[in-house]
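Trainee: this one's structure only:
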């Protein structure tokens, strides 16, 4: 399994514009082969901060995801919305166990 975690920021005043754009990329990504989970969550205490969590079956599928047309559009859209402070990390993991 491949785990992706991180965060990025939009200006708080752009969040109403950002939500539908994020929804579009989330829906398209969740339909991709190999995507187990793909989530963006707004930080309750820090307006404009978005937490990222993803789970992929393989690195090959994550790499294919990064080449998808909706990801190219997402890169353009997020730049236009003022994305900053992007810090995303990729980890190899086992299948995990319930906590």
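Mentor: Arrived safely, thanks for sending. A quick note: this is a predicted structure, and the numbers were derived from the prediction, not measured.
Trainee: could you pull out the strands for this protein?
Mentor: For the chain, the strands defined by DSSP state E occupy 2-9, 35-42, 49-56, 84-92.
Trainee: got a markdown table for those, with mean neighbour count, mean pLDDT and distance to residue 71 too?
Mentor: Using the backbone N, CA and C atoms, a C-beta is placed for each residue, glycine as well. Output for the strands of the chain, formatted as a markdown table (neighbours: other Cβ atoms under 10 Å; pLDDT from 0 to 100; distance: least, Cβ to Cβ, whole Å):
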| stretch | mean neighbour count | mean pLDDT | distance to residue 71 |
| --- | --- | --- | --- |
| strand 2-9 | 17 | 98 | 13 |
| strand 35-42 | 15 | 98 | 11 |
| strand 49-56 | 18 | 98 | 12 |
| strand 84-92 | 11 | 97 | 13 |
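Trainee: Let me know which of those strands is the nearest to residue 28.
Mentor: Nearest to residue 28 among those is strand 35-42; the distance by Cβ to Cβ comes to 9.4 Å.
Trainee: Give the partner strands of the closest one in its sheet and their orientations.
Mentor: strand 49-56 (antiparallel) (DSSP bridges).
Trainee: Report the angle between the strand it pairs with and strand 84-92.
Mentor: Comparing the axes of strand 49-56 and strand 84-92 via axes from the mean of the first three to the mean of the last three Cα atoms, to 10 degrees yields an angle of 20 degrees.
Trainee: What is the distance between strand 49-56 and the centre of its chain?
Mentor: Distance of strand 49-56 from its chain centroid, counting by Cα atoms, centre = their mean, to the nearest Å, is 5 Å.
Trainee: And stretch 56-76, by the same measure?
Mentor: On Cα atoms, centre = their mean, the centre of stretch 56-76 falls 10 Å from that of its chain.
Trainee: Pull out the buried positions in it.
Mentor: Residues of stretch 56-76 classed as buried by neighbour count (16 or more other Cβ atoms under 10 Å): 56, 62, 65, 70, 74.
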